[in-house]
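> Fold the stuff below for me.
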Amino acid sequence: MTTLAICSAMIGSILGIRFRSAVLLPFIFIGSVSLVAFALAQDQALLQSVAMIGVFVSLLQLGYFCTALLRHAVTPALAAGERSLLESPKLR
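Prediction:
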């Protein structure tokens with residue numbers, strides 16, 4: 001379950017950097033269907049599979065929105081000409 005939580009938050013972060021919010025619903029649907037198939041293949045209890053889907057959906061959205069807010073906060077600084085964190089430092 002911990003691995004699922006970490007991976008869900010990381011996937012949400014990647015989606016938050018790259019895409020707009022319209023991409024969340026298809027990823028939630030695809031991920032939920034995949035988790036249901038995985039739970040059926042492993043013969044897990046219904047409560048455990050519902051918990052897995054709940055963890056996946058909530059952390060995917062949390063990672064997405066936190067990264068989207070961070071991107072929204074950093075974009076004005078980049079437009080103002082401040083040095084990006086992704087740039088390599090220049091030696092003088």
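> need the helices for the chain, in chain order.
Assigned by DSSP state H, the chain shows helices spanning 2-18, 24-42, 46-79.
> same for the second one, what does it pack against?
Put plainly, it is helix 24-42. Identification of packing neighbours for helix 24-42 by 3 or more CB pairs under 8 Å, 6 or more residues apart in numbering; DSSP states H and E yields helix 2-18, helix 46-79. Where you see a C-beta, it was placed from the backbone N, CA and C, and this is true even at glycine.
> quick one: that helix to helix 46-79, angle?
With axes from the mean of the first three to the mean of the last three CA atoms, to 10 degrees defining the directions, helix 24-42 sits at 150 degrees from helix 46-79.
> Flag every buried residue along helix 24-42.
Across helix 24-42, burial judged by 16 or more other CB atoms under 10 Å covers 24, 27, 31-32, 35, 39.
> Hey, what's the angle from the worst-scoring helix or strand of the chain on mean pLDDT to helix 2-18? Just curious.
One helix or strand of the chain scores below all others by mean pLDDT, DSSP states H and E: helix 46-79, with a mean of 85. Between helix 46-79 and helix 2-18, the angle comes out at 30 degrees (the same axes, to 10 degrees).
> Alright, calling it a day.
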